[in-house]
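Asker: Please work out how this folds:
(chains A, B and C)
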Amino acid sequence: MAGSPRRAASRRLQLPLLCLLLQAVTIILFAIFVRYNHETDAARWHWGNHSYANNEFYFRYPSFQDVHAMVFVGFGFLMVFLQRYGFSSVGFTFLLAALALQWSTLVQGFLHSFHGGHIHVGVESMINADFCAASVLISFGAVLGKTGPAQLLLMTLLEVALFGINEFVLLNLLGVRDAGGSMTIHTFGAYFGLFLSRVLYRRQLEKSKHRQGSIYHSDLFAMIGTIFLWIFWPSFNSAPTALGDTQHRTALNTYYSLTASTLSTFALSALISGDGRLDMVHVQNAALAGGVVVGTSGEMMLTPFGALAAGFLAGTVSTLGYKFLTPVLESKLKIQDTCGVHNLHGMPGVLGALLGVLVAGLATHDAYGDGLESVFPLIAEGQRTAKSQAIYQLFGLLVTLVLAIVGGSLGGLLLRLPCLDAPPDSQCFEDQIYWEVPGEYENEAQGPLTVEEPDTRA
Amino acid sequence: MAGSPRRAASRRLQLPLLCLLLQAVTIILFAIFVRYNHETDAARWHWGNHSYANNEFYFRYPSFQDVHAMVFVGFGFLMVFLQRYGFSSVGFTFLLAALALQWSTLVQGFLHSFHGGHIHVGVESMINADFCAASVLISFGAVLGKTGPAQLLLMTLLEVALFGINEFVLLNLLGVRDAGGSMTIHTFGAYFGLFLSRVLYRRQLEKSKHRQGSIYHSDLFAMIGTIFLWIFWPSFNSAPTALGDTQHRTALNTYYSLTASTLSTFALSALISGDGRLDMVHVQNAALAGGVVVGTSGEMMLTPFGALAAGFLAGTVSTLGYKFLTPVLESKLKIQDTCGVHNLHGMPGVLGALLGVLVAGLATHDAYGDGLESVFPLIAEGQRTAKSQAIYQLFGLLVTLVLAIVGGSLGGLLLRLPCLDAPPDSQCFEDQIYWEVPGEYENEAQGPLTVEEPDTRA
Amino acid sequence: MAGSPRRAASRRLQLPLLCLLLQAVTIILFAIFVRYNHETDAARWHWGNHSYANNEFYFRYPSFQDVHAMVFVGFGFLMVFLQRYGFSSVGFTFLLAALALQWSTLVQGFLHSFHGGHIHVGVESMINADFCAASVLISFGAVLGKTGPAQLLLMTLLEVALFGINEFVLLNLLGVRDAGGSMTIHTFGAYFGLFLSRVLYRRQLEKSKHRQGSIYHSDLFAMIGTIFLWIFWPSFNSAPTALGDTQHRTALNTYYSLTASTLSTFALSALISGDGRLDMVHVQNAALAGGVVVGTSGEMMLTPFGALAAGFLAGTVSTLGYKFLTPVLESKLKIQDTCGVHNLHGMPGVLGALLGVLVAGLATHDAYGDGLESVFPLIAEGQRTAKSQAIYQLFGLLVTLVLAIVGGSLGGLLLRLPCLDAPPDSQCFEDQIYWEVPGEYENEAQGPLTVEEPDTRA
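Answerer: Residues are numbered from 1 along each chain as shown, chains lettered A, B, ... in the order given. The predicted model follows:
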């Protein structure tokens, strides 16, 4: 199917050896560095005579589970829309996210919670690791179908490290607020993936175009992904916020924003199509933009009205992006964006960051009362004014964009190493390169699952 | 496909303009009226020096998330059973529910929590809005495949308003108990939809009969909906009850009731078929009747035995309904009930209301102790006896039926407005009118996805 | 399709009459024995002036819901991988689990919580019943496609009883720790099913081999099951542990273990295939072995490193088992294991039990502090040393294996009763015997859904 026997042998061993190597390294690093934190350690928790009811677990674990479902079910199935790439979409999501969870526990641990030579873990580190995995999967969406699993594992390694650094710069050094990750997760993941895809540009991708669309049932599978992302997004944005009113408010804002992006997506999708018919691509993706756009401002006093307006705008921009921008990105800028992550995560992420600038800049002691400490501790402590916080927020966006663009470009160069096995242009979006695909019955009746080129049948 | 160019243009614009108009209106109304409540507002929450652990969020949000999953995943996929209507089933569920959440926040807010000129929102309003959306989706099930999205948006507008009024009359004016909504959600939604379907009766629906069945994979997709409804129903019925033992007991009762309706559904389905084989329609639907039937009495001291008996009865009645009543409804009463909502929500809802009458009438101070206040506050305060409460419960059912029947009939008249675009009789249960349906590959090999009438091929 | 009219009549009535009989019996037993516990009973809860916030519901119900989703969505869809057996996989899962929940409430209640002539139920009994249902579904996996629903109901009856006895012996008599059920759930369920399958050995199963594989979309449906099992497994293992740090730690350990079993599964799957391609069977199953292997030790001070190492080992052993052991089991030992439960539950379960022996044997007062009471109460109270606890753990594994093997063999004899209707060898893995299967359209274009043997078309 692809080249010489030697190359085949290399392909055969690249993925397993890389998996084993990476797993061996993280096991050793875990043995040296990772310890239970005071909420998960038997001796330390009981030492303080804590009531079990105060354990962080009870305040964050339900949200964590929703986030976990979004990462594995949501992202995994959302990408199953491709007719012949379902195994890879859901399977590689599984693999990359599993690695990202381990690896980002280490990276984020070294940067955020390294005390006394140890990384301390609990439900908060679980949420943060899942957030990092989400960012990796966003980038995966940009290069979906055009990269092999070994390439993707290396991408994950690099991206997790840069994600951790960017997050550290924003949250710890700059004091930027970004609970739901409009910047750290969505903007970073999208532009990292887009520039990586730019470097991996395939002039001959046309050869695989017949596989790049969906079929009826693959679109229904993708809707499983969409709906699980949509319903759990309120938990995503609120999972890491301050407890109490802040977590509650964030969930509420996200809930409203998503309803509005859904309505605007349906409206725009029907409006811009030639014949008034809806496009499943828009519904599967743009309807989710309302979750992205309140990633930064969701914990703030955005107001329910603000949440609706933001969601409406995000759904509109995202749908228009799928229709008008994605083709231009490919033809003019040579960025091939399989899932349209620029429309779902890129633009709504930047919009969300800017909305965060605005809402932070408008923060007043009156509006937040004693809750100001939970949302803007630096303003509450008098170290910053609302306006300077807004400027820091804007600067955070710039840092994110720069790191994502530089990192994605470097990642692209790394993935172009000739030793790494990429699918040939004529075999993109095709499961059979990586998976034993079943189904003589299917092959007989249905074209989609055969690997052979159309001409081989003539 | 459908009529003159003018009509095509009208169809093209109806849906998007209606979406934009409705969204603009709710954004404005939200700006004027909707505010954070004291659990979601930064200043007000911290003003009282509350501990974050007491925030309502931690007691209701996990239940809310389950309810949210039921509305979007459960109802959405349950209706995917139709072979050519999967995009519409899950897509319009998405659209209608998104609108219903916003709109019922306003309607329920005006009626239930309008203080000082404002509606105050938090996790309880989120649960209530999702409940209203569920009722709309029940009605959607009755007219599934026979109505266009613009019609359905208008139906949603009307039904949300009437739902709110009915709920207000029952819960606030009559002091009726109906936590899980046997009356307010299921009975109301079912009869509203059935009478709406009656007014929209299509004599020529036969022309689309070949599309009204399921195919193998569409039945599996539908089982995703069924199972998510089934597992989360305990959370549905218990989401809005009093905290503590009441919420706990409601979940437990619902859990038992559902196991019994599952067993009786399998038994009856095999018993009434000619050859002992099971019918997926029964399993997908009637097995859920156990959740509906304890919607009113689930919070009461129903006893685990009572829950099992109720579930058993509901599964039996519902399965028999699919077999014997649905055909009669269509042939004699001209009610075309696509999903059989009369069997899953109508009859079990009425049964549930009557069970509530019975269990309320048997309430004693001995059985409830100081917990009587949580379940029957008016009895606990001496304003009512158990028997008078039972009579009010019965009266609540009558009010619900009247409002649903009148409202559904009015809704049917509204939806028959000639300007509203309905699918022609020969194009019911067909996605391609409203969606760009993919798949040359599928079309080549599989009949189901082509729009053309069989005769066009001759 | 199968034999004489008399036999057909018997088949027609077996399932419904058995369902009705069993349901009638449990309803009566519930009426006599089952009562609300002090957390779900209105009078008893309020009698103690408890704060609603202390109700067990708030600490266990979110975990319960995840477990519930695993049982019905996870196990149900995992088994949908068979191309013509999707209705039965998800449908019989539904039926068997519904019966198991009721029946094990009774069995576990008599053995564990029988006070004053009554069984007392609440969220803990709900979790325990779901655990028992999981064990039944594991056994179902071994005989999937080769047994009729009436046979399966009898299997459930027997297995639930033996599960309860085994659990009682281990947890109550021997003081063994096994929160996530490496022994009580996985080892027991697997070997019960395997020996049952041994007794039901079919020499002529070859006749149905063409139906024993998957097709493209059935594998995607199965991944829904896999992913839901994977994401919620941390809740499964932690659902019944002591509250506070123990529950928190168990979830964390399980989360790490699963990430490692995922990486080792991908590595081994690619390594052992001829051409470096991944096998969906491995990904669907072996990636979950990390959850099984920490079922016993997850609540202990396993350390994050230990969790990773255990998961890595389990994924490796499980993948190798699918490749090398399953064929040998069938050819040499005459054990036909449809889903490979020996690889996913059997070996990882035994490994998990042994890991529990090791970690229990290493327990020290230093490592656990005052938390020792929560994990090893008998050691904390000075009744046992860590080493004697380890020996009891090992003994628990032996008891489990003996009971499972004896029970499964007896079960096999029971299911071979000639009056019970089993599918003929040529009709295994076939929905149409038990279900009305839709789809003329599908039948026209796609081979897989027709029942007729290939030769009938010639």
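Asker: Would you mind listing the residues in contact with whatever residue of the stretch 51-200 of chain A ends up closest to chain C?
Answerer: Residue of the stretch 51-200 of chain A nearest chain C, by C-beta to the nearest C-beta: residue A:52 (3.1 Å). Using the backbone N, CA and C atoms, a C-beta is placed for each residue, glycine as well. When the contact criterion is C-beta atoms under 8 Å, 6 or more residues apart in numbering or on different chains, the partners of residue A:52 are C:59, C:242, C:243, C:244, C:245.
Asker: 6 Å instead, please
Answerer: By C-beta atoms under 6 Å, 6 or more residues apart in numbering or on different chains, the contact set of residue A:52 is C:243, C:244.
Asker: mind checking how far it is from residue A:39?
Answerer: Here the criterion is C-beta to C-beta, to the nearest Å. By it, residue A:52 lies 11 Å from residue A:39.
Asker: again with residue A:123
Answerer: Between residue A:123 and residue A:39 the distance is 7 Å, computed by C-beta to C-beta.
Asker: Find residues that contact each of these two.
Answerer: Residues touching both residue A:123 and residue A:39 (C-beta under 6 Å, 6+ apart): residue A:56.
Asker: check which helix or strand covers whatever residue of the stretch 51-200 of chain A ends up closest to chain B.
Answerer: With C-beta to the nearest C-beta as the measure, residue A:62 is the residue of the stretch 51-200 of chain A nearest to chain B, at 4.6 Å. Secondary-structure assignment from DSSP states H and E places residue A:62 in helix A:57-69.
Asker: burial count for the residue of the stretch 51-200 of chain A closest to chain B?
Answerer: The burial metric for residue A:62, expressed as a neighbour count using other C-beta atoms under 10 Å in any protein chain shown, is 23.
Asker: likewise the one 10 residues further on?
Answerer: Neighbouring residues of residue A:72 were enumerated by other C-beta under 10 Å; the total is 25.
Asker: where does chain A have low pLDDT?
Answerer: Within chain A, the stretches with pLDDT under 70 are A:1-11, A:439-458.
Asker: Kindly recompute the last result at 90.
Answerer: Applying pLDDT under 90 to the predicted model, the residue ranges of chain A that meet it are A:1-12, A:47-51, A:112-113, A:274-275, A:418-421, A:438-458.
Asker: all helices of the stretch 51-200 of chain A, in order?
Answerer: Using DSSP state H, counting those that start in this stretch, the helices assigned to the stretch 51-200 of chain A run over residues A:57-69, A:76-78, A:86-112, A:123-143, A:149-167, A:188-199.
Asker: Which of these sits closest to residue B:423?
Answerer: The closest of the helices of the stretch 51-200 of chain A to residue B:423 is helix A:76-78. By C-beta to C-beta, the value is 29.1 Å.
Asker: how far is the closest one from where the chain is centred?
Answerer: On the basis of C-alpha atoms, centre = their mean, to the nearest Å, helix A:76-78 sits 12 Å off its chain's mean C-alpha point.
Asker: And stretch A:80-88, by the same measure?
Answerer: On the basis of C-alpha atoms, centre = their mean, stretch A:80-88 is displaced by 18 Å from the centre of the chain it belongs to.
Asker: so does that stretch get close to chain B?
Answerer: No. In terms of C-beta under 6 Å from any C-beta of the partner chain, no part of stretch A:80-88 sits within range of chain B; the closest distance is 6.9 Å.
Asker: Residues touching that stretch, excluding its own?
Answerer: With contact meaning C-beta under 6 Å, 6+ apart, stretch A:80-88 is reached by A:89-90, A:145, A:211, A:214-215, A:218-219, A:221-222, A:429-431, A:434-435, A:448, C:220.
Asker: 7 Å instead, please
Answerer: Contacts made with stretch A:80-88 from outside it, assessed by C-beta atoms under 7 Å, 6 or more residues apart in numbering or on different chains, are listed as A:89-90, A:145, A:211-215, A:218-219, A:221-222, A:225, A:284, A:429-431, A:434-435, A:437, A:448-449, B:441, C:219-220, C:280.
Asker: Can you classify residue A:201 as helix, strand or coil?
Answerer: For residue A:201, the assignment made with DSSP: H, G, I helix; E, B strand; the rest coil gives coil.
Asker: any idea how far residue B:176 is from the nearest residue to it once chain neighbours are set aside?
Answerer: Here the nearest residue to residue A:201 in space, its sequence neighbours aside, is residue A:334; by C-beta to C-beta, 6 or more residues apart in numbering or on different chains that works out to 4.5 Å. Here the distance between residue A:334 and residue B:176 works out to 65 Å (C-beta to C-beta).
Asker: So which of the two has more stuff around it?
Answerer: Summary of the neighbour comparison: residue A:334 and residue B:176, criterion other C-beta under 10 Å, with residue B:176 having more neighbours (26 against 13).
Asker: Skip the chain neighbours and tell me the closest residue to the residue of the stretch 101-250 of chain A found nearest chain B.
Answerer: Nearest residue of the stretch 101-250 of chain A to chain B, counting by C-beta to the nearest C-beta: residue A:244, 3.1 Å away. By the measure of C-beta to C-beta, 6+ apart, the closest residue to residue A:244 outside its immediate chain neighbours is residue B:52, 3.1 Å from it.
Asker: Which residues are in contact with the residue lying closest to residue A:162 once chain neighbours are set aside?
Answerer: By the measure of C-beta to C-beta, 6+ apart, the closest residue to residue A:162 outside its immediate chain neighbours is residue A:407, 4.2 Å from it. When contacts are counted by C-beta under 7 Å, 6+ apart, residue A:407 is found next to A:158, A:159, A:162, A:192.
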